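Q: Provide a 3D model corresponding to the input given below.
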Amino acid sequence: MKVDIQNVTVTLGEQHVIKDFSLVVDAGVSVAVVGQSGTGKTTLLRTITGLIKPSIGRVLIDSL
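A: Residues are numbered from 1 along each chain as shown. Below you'll find the model as predicted:
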């Protein structure tokens, strides 16, 4: 499964939790998301899974 995150911004209230984030992860590749508390890791994963819709940009998931 390939994941293509294109210029995603997620705004909750008036705060940009994720701003202009892009990433491509090819099928078979593992990625770790690390960072301090409150930096948007969970919001990013919820956006990838479709639980949160990005304010700007899009997430494409390509099943093989």
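Q: which secondary structure elements does the helix or strand encompassing I5 sit against?
A: I5 is part of strand 2-12, with elements assigned from DSSP states H and E. With contacts taken as 3 or more CB pairs under 8 Å, 6 or more residues apart in numbering; DSSP states H and E, strand 2-12 sits against strand 15-25, helix 41-49, strand 56-62. Bear in mind the C-beta positions are built from the backbone N, C-alpha and C, glycine included.
Q: deepest-packed of these, please.
A: helix 41-49 (a mean of 16; mean count of other CB atoms under 10 Å).
Q: between strand 56-62 and it, find me the angle.
A: Counting by axes from the mean of the first three to the mean of the last three CA atoms, to 10 degrees, helix 41-49 lies at 60 degrees to strand 56-62.
Q: for helix 41-49, which outside residues touch it?
A: Applying CB atoms under 8 Å, 6 or more residues apart in numbering, the contact partners of helix 41-49 are 3, 5, 8, 10, 12, 17-18, 21, 33-35, 52-54, 59, 61.
Q: for those, work out which two are farthest apart.
A: V34 and K53 (24.5 Å; CB to CB).
Q: much appreciated, bye for now.
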